[in-house]
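[1] starting from these lines, generate the structure:
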Amino acid sequence: MNNSSPVVEGLLMIHRIISKGLNNSIWKCDAYMANHGIPRDEKEGFVMYVTTLKWVTHSHHTTEDELGFPYFMDHIDAPYDRLKQDHLTMAQVLEKLDKNLTDIASGSLVALRDTLGEFRDLWGPHIKIEEENFSFDRINRIFDQKEQKKLAKMFSEHSSKNSGPGPLALPFMLNNLEKADREAFMTEIPWVVTKILMPVVWKKKWEPMEPFFL
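    The predicted model follows:
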């Protein structure tokens, strides 16, 4: 089995980003609840972090629904109806985050923790189905490397249009990856973004999230 596939590597990477962001959000929620609330100096960053998690998840699912699944349907047998329904269900759960995040201003974290738990219960089984059906072996059997690189670029460009403000989404994605994945991700991004925009021009915008990049 060939373990090199731009399409599968991209899928696994975004799954790791969202999983890390979700787990961090739940962990911080539990810690805050145990300590009777969010410290004032962390509230802005926490709201920003969870909101960006929502945007990035929405972007990933939109790209799959509008580009990925329609393209793969003619080539790969997979439970597309189940996967699309999962996306709808998760979208409904994530919509509750806006109100939950407003509620934390009054000190209530219970609803937010419950919503994040609902999301995690859906997310784990969902990505297991995707990763089993869109595996290295199946993708490489059907698409050559040239076509996969074209697809990966197309998916990435589509996703970036829906993932919320770039000054927040990109740092969120990069900093929720382990070092090797982060370095691989950065090779696909223009140097001016990673060397100038993100660390200098955008820093003030995403800096409140920095304590949550665990």
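[2] from the contact counts, what lies against the lengthiest helix in the chain?
    Ranked by residue count and defined by DSSP state H, the top helix of the chain is helix 6-34. With contacts taken as 3 or more CB pairs under 8 Å, 6 or more residues apart in numbering; DSSP states H and E, helix 6-34 sits against helix 40-63, helix 110-133, helix 136-142, helix 145-160, helix 166-175, helix 179-186. Where you see a C-beta, it was placed from the backbone N, CA and C, and this is true even at glycine.
[3] let's go with 7 Å and repeat that
    helix 40-63, helix 110-133, helix 136-142, helix 145-160, helix 179-186 (3 or more CB pairs under 7 Å, 6 or more residues apart in numbering; DSSP states H and E).
[4] quick one: the last one to helix 166-175, angle?
    Using axes from the mean of the first three to the mean of the last three CA atoms, to 10 degrees, one finds that helix 179-186 and helix 166-175 are set 140 degrees apart in direction.
[5] give me the contacts around helix 179-186.
    Surrounding helix 179-186, the residues in contact under the criterion CB atoms under 7 Å, 6 or more residues apart in numbering are M13, R16, L174, L177, T194.
[6] buried ones in stretch 8-24?
    Using 16 or more other CB atoms under 10 Å as the burial criterion, the residues of stretch 8-24 that qualify are 8-18, 20-22, 24.
[7] actually, stretch 81-98.
    Applying a neighbour-count criterion of 16+ other CB under 10 Å, the buried positions in stretch 81-98 are L83, D86, H87, M90, V93, L94, K96, L97.
[8] repeat that for stretch 126-134.
    Along stretch 126-134, these residues count as buried under the neighbour rule (16+ other CB under 10 Å): H126, I127, E130, N133, F134.
[9] so where's the protein uncertain?
    When the per-residue scores of the chain are filtered using pLDDT under 70, the ranges that remain are 1-3.
[10] could you tell me the angle between the longest helix of the chain and helix 166-175?
    Between the axes of helix 6-34 and helix 166-175, defined by the same axes, to 10 degrees, the angle is 100 degrees.
[11] now for the contacts of helix 179-186: which two are most distant?
    Maximum pairwise distance in the contacts of helix 179-186, criterion CB to CB, is 18.8 Å, between R16 and T194.
[12] tell me which residue is most central in this structure.
    In the chain, the residue lying closest to the centroid (CA atoms, centre = their mean) is I18, at 3.4 Å.
[13] need the contact list for it.
    Contacts of I18 (CB under 7 Å, 6+ apart): L53, V56, T57, H60.
[14] are any of those residues buried, and which?
    Under a neighbour-count criterion of 16+ other CB under 10 Å, the subset of these counted as buried comprises L53, V56, T57, H60.
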